[in-house]
Each structure stands twice: as C-alpha cells, then as structure tokens.
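> I need the structure of the sequence given here:
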Amino acid sequence: MTDLFSATDATWPAAALHRAGAFMVREGRGGGQRVSAATAAGPWTEADIDAAERLHARLGQRPLFMIRPGEEALDAALAARGYRVKDPVNVHAAPIAALAAEPADPMAGFAIWPPLAIMRDLWKEGGIGPERIAVMERVEGPRTAILGRVGDRCSGVAFVAIHDETAMLHALHVAPDLRRQGSAVKIMRNAAHWAQDHGAERFSVLVTEANRPANALYASLGMEIVGHYHYRSQ
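You can find the predicted model right below:
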C-alpha cells in the first residue's frame, strides 16, 4: 500500500507540505480532503496531534487526519478527542494489461491536456471546480484528461496521471443524462491505454465505500480492492 499512497500524493498533490511534530500536514487550498489531511510521518505523541491541529488552524483548515492501515492507535486517540470517522475509502487496482486488453474506442474517448472549456464545464457540473483543477495542474509527472463522448455529445471527463509505473485516475464525472450508456467504461479503457502507452504497469483509483455505482464499475472492469483508509475530522 505504501507505493499506492505515494502515487496518490504524486498524482493528486497538495499545494504545500508542512511538518508539525510527527505529522505531515497538507495545505489543500480548497482542493479537497486528500490534499488537506495530516498523516503520521513517524512515531507520534499527543503533543504531536496538538501541533498538527494548530497548523491546520494556521492554514485555515479544519483539523483532518488520514488513517491508513496499521494506524489503529492513532485512530483510537483521535476518537478519544471526539474526532468522527469520515469517508471510508476503497483503493482499487489492477494490472494495466488487464484493463488495456480490450481495445479502446477511439471515438468514445480523447486524451487532451490542458483541458478544454467543455471539460472544465463537465467537471464543474460534478462539483470539481477550479481548486481541484489546480491540483491537476500541479502534477509533475505524465498526466492527461480524458474527454468521453456518446453519439455527438461530450459525455464525461476524468483525470489520469502516472507515478513510478502506477497510473491513478481521479475526478471521473459523467453527465447525469448520459449515464448508463457505457461512457464511464470507455473513459476508463481510454485512460488505461494512454497510461500503458506512457509506461504504466498498474492502474488504480480511489473511491468512497458509499459510492456504490463507482465501486461496481471498477469491479466490473476486473479491478480489486487492495486497501482501505478513512479520515477523522472534528
């Protein structure tokens, strides 16, 4: 799982990283939980949690901690402070060859970077605004966006980037009136082929446990749940 967490940080990077005792606090600037959470960077104490809370406050962020596998003691310590579990996440992954084994429909998905205005509009419709676009723009490795099409309409959009042979897909959104027409699958196939062409060996995606349609989509493509994490917030 360590390499997948590294891929997450590289393909969906925070605006800045700040050390607070034994914790690394991400500065999100409105880019969402993944880029705003604190994670333990070594053995911690209650004083380190206090330091992370103060740093979150200085950044104008609500205290938020990511709890990864093996961090049960931190989970319990935060629970004792009144932190609530927030958004348990499934980590899906599959060999890139498995996803790219089926040909991509070249008329149903297009790799485009930087994103076109229509792609930004589709993301905005899905609640993915300029702050999250800024996260994509910070990625230093190979990256692209996939524009999906159904018939003569732009149907959806997703972002994919690569770190150390792991491709990770983020921000998948399909227009509500064009769902259940195969667009998400075709976007995924096109993303996998792009990633394979750029040297990726594994394809991964993160999705909340509560998002049943997305979890079902990734399972239907042969992706397996290889890990979990959740957040604790006040």
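
> make it CA atoms for all contacts and neighbour counts henceforth
Noted.

> where do the helices sit along this structure?
2-11, 46-58, 72-80, 96-99, 117-125, 130-138, 183-197, 212-220 (DSSP state H).

> for the last one, what is the average pLDDT?
Spelled out, it's helix 212-220. For helix 212-220, the mean per-residue pLDDT is 96.

> list the buried residues for that helix?
Residues of helix 212-220 classed as buried: 214, 215, 218 (neighbour count, 16 or more other C-alpha atoms under 10 Å).

> could you export those residues as a markdown table, including distance to residue 111?
Output for those, formatted as a markdown table (distance: C-alpha to C-alpha, whole Å):
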| residue | distance to residue 111 |
| --- | --- |
| 214 | 21 |
| 215 | 24 |
| 218 | 20 |
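
> got a list of what residue 23 touches?
Applying C-alpha atoms under 8 Å, 6 or more residues apart in numbering to residue 23 gives the contacts 38, 39, 40, 41, 42, 44, 48, 49, 52.

> leaving aside the residues adjacent along the chain, what's closest to it?
Counting by C-alpha to C-alpha, 6 or more residues apart in numbering, residue 23 lies nearest to residue 40, which is 4.5 Å off, once chain neighbours are set aside.

> the one you found touches residue 24, doesn't it?
Yes: counting by C-alpha atoms under 8 Å, residue 40 touches residue 24, with 6.3 Å between them.

> which one's more surrounded, those two?
Shown here are residue 40 and residue 24; by other C-alpha atoms under 10 Å, residue 40 has more neighbours (22 against 19).

> quick check: the closest residue to residue 109 other than its chain neighbours vs residue 52, distance?
In this structure, residue 109 finds its nearest non-sequential neighbour in residue 148, 4.4 Å apart by C-alpha to C-alpha, 6+ apart. In this view, residue 148 and residue 52 are 41 Å apart by C-alpha to C-alpha, to the nearest Å.

> the residue nearest to the spatial centre of the chain bridge partners, please.
In the chain, the residue lying closest to the centroid (C-alpha atoms, centre = their mean) is residue 170, at 4.6 Å. On the basis of DSSP bridges, residue 170 takes part in beta bridges with residue 159.

> over to residue 39?
When bridges are called by DSSP bridges, residue 39 pairs up with residue 24.

> so where's the protein uncertain?
Within the chain, no stretch has pLDDT under 70.

> quick check: domain ranges of it?
2-90, 93-226 (automatic domain parsing).

> and of those domains, who's closest to residue 232?
Checking the domains of the chain against residue 232 by C-alpha to C-alpha gives domain 2-90 as the closest, at 4.7 Å.

> endpoints of that closest one, how far apart?
End-to-end distance of domain 2-90: 15 Å, with C-alpha to C-alpha as the criterion.

> what residues does residue 135 make contact with?
12, 13, 14, 15, 31.

> please tell me how far it sits from residue 78.
With distances taken as C-alpha to C-alpha, residue 135 is found 28 Å from residue 78.

> quick one: furthest residue from the center of the chain?
What lies farthest from the middle of the chain is residue 47; by C-alpha atoms, centre = their mean that is 29.9 Å.

> so for that residue, what's the nearest residue that isn't a sequence neighbour?
Nearest non-adjacent residue to residue 47 (C-alpha to C-alpha, 6+ apart): residue 21, at 7.9 Å.

> want to throw the contacts of residue 23 into CSV with distance to residue 114?
What follows is these, written out as CSV (distance: C-alpha to C-alpha, whole Å):
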residue, distance to residue 114
38, 30
39, 31
40, 34
41, 34
42, 37
44, 41
48, 40
49, 39
52, 35
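
> between those, identify the one with the most neighbours.
residue 38 (30 neighbours).
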